[in-house]
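In: Kindly return the folded structure for what I paste below:
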Amino acid sequence: MQTQLTDARAADLSRSARPIFQTLIILCFSSLLGWQFAALFWLGDQHLYVDQLQVYGAMERPFVYRQLIPMLARLIIWITGIRVDLGLVIGIMLSAMAAVGAIGLFFREFGIRKLELHTLICGTILFVWLIKDAKIYDFATVATFAGCIILLHQHKWNGFHIVYILACLNRETAFLLTIFFMFHFFRKLDRKLYWLSAVA
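Out: Next up is the predicted model:
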């Protein structure tokens, strides 16, 4: 009897520890992914001039409008006093962590099994795909888009509007989510809520 209780407690502990362990693996993987991606293109003296242009909004159009990561980098630099290139790399690394986390939440929201395996595989594919034509806002685009879809699916309108604003700050093409919302929820919501959400 005592052995059965011990085994049951061990099994419960294993089940409760597993999500924490999986989260730590995904966080470590995504931070390493983001750091390698960002350091490859934006870390070092040879990149410092372009980094300054990107962080302080001196790039040509349309890149000058894509301000989410530059704003995050400026905040990091202001708080820590570190160099521009390092602040930008840390900002991109954080956005990579958000992107991989958002992919995992997306899979969970839509009931896809083997969550951690799919998340790690998709994170790796994302890295390989983005490295061909790297931009500082790439990971943030994935994170904000996935976040918007998840919140729309959950009908969490206030959360959606906040993430939608971040998505538009990151990349102006995020306004297409409004068109997606209008088509997807047409005649599925109360008319007042539908138009308030679409206009807002």
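In: Phe37: neighbour count?
Out: 22 (other C-beta atoms under 10 Å). Placement of C-beta: from N, CA and C, glycine included.
In: what are the ranges of the helices in the chain?
Out: 2-42, 48-55, 68-80, 84-109, 115-130, 138-153, 157-170, 176-184, 191-199 (DSSP state H).
In: Quick one: low-confidence residue ranges for the protein.
Out: Scanning the chain for pLDDT under 70 picks out 1-19, 21-22, 62, 113-120, 128-129, 131-132, 184-200.
In: repeat that with 50
Out: For the chain, the stretches flagged by pLDDT under 50 are 2, 4-5, 7-8, 10-11, 13.
In: before we move on, back to that, output the helices of the chain as a markdown table; include the columns distance to Arg61.
Out: Shown next, in a markdown table, are these (distance: least, C-beta to C-beta, whole Å):
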| stretch | distance to Arg61 |
| --- | --- |
| helix 2-42 | 20 |
| helix 48-55 | 13 |
| helix 68-80 | 14 |
| helix 84-109 | 20 |
| helix 115-130 | 22 |
| helix 138-153 | 18 |
| helix 157-170 | 16 |
| helix 176-184 | 19 |
| helix 191-199 | 27 |
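In: Who are the contact partners of His47?
Out: 41, 85 (C-beta atoms under 8 Å, 6 or more residues apart in numbering).
In: count of neighbours near Phe180?
Out: So Phe180, with other C-beta under 10 Å, has 12 neighbours.
In: For the residue lying closest to Met59 once chain neighbours are set aside, grab the count of nearby residues.
Out: Excluding the flanking residues, the one nearest Met59 by C-beta to C-beta, 6 or more residues apart in numbering is Leu53, at 5.2 Å. By other C-beta under 10 Å, 16 other residues sit near Leu53.
In: Kindly provide the distance from Leu53 to Ala102.
Out: According to C-beta to C-beta, to the nearest Å, Leu53 stands 28 Å off from Ala102.
In: What of Asp85?
Out: In terms of C-beta to C-beta, Asp85 sits 26 Å off from Ala102.
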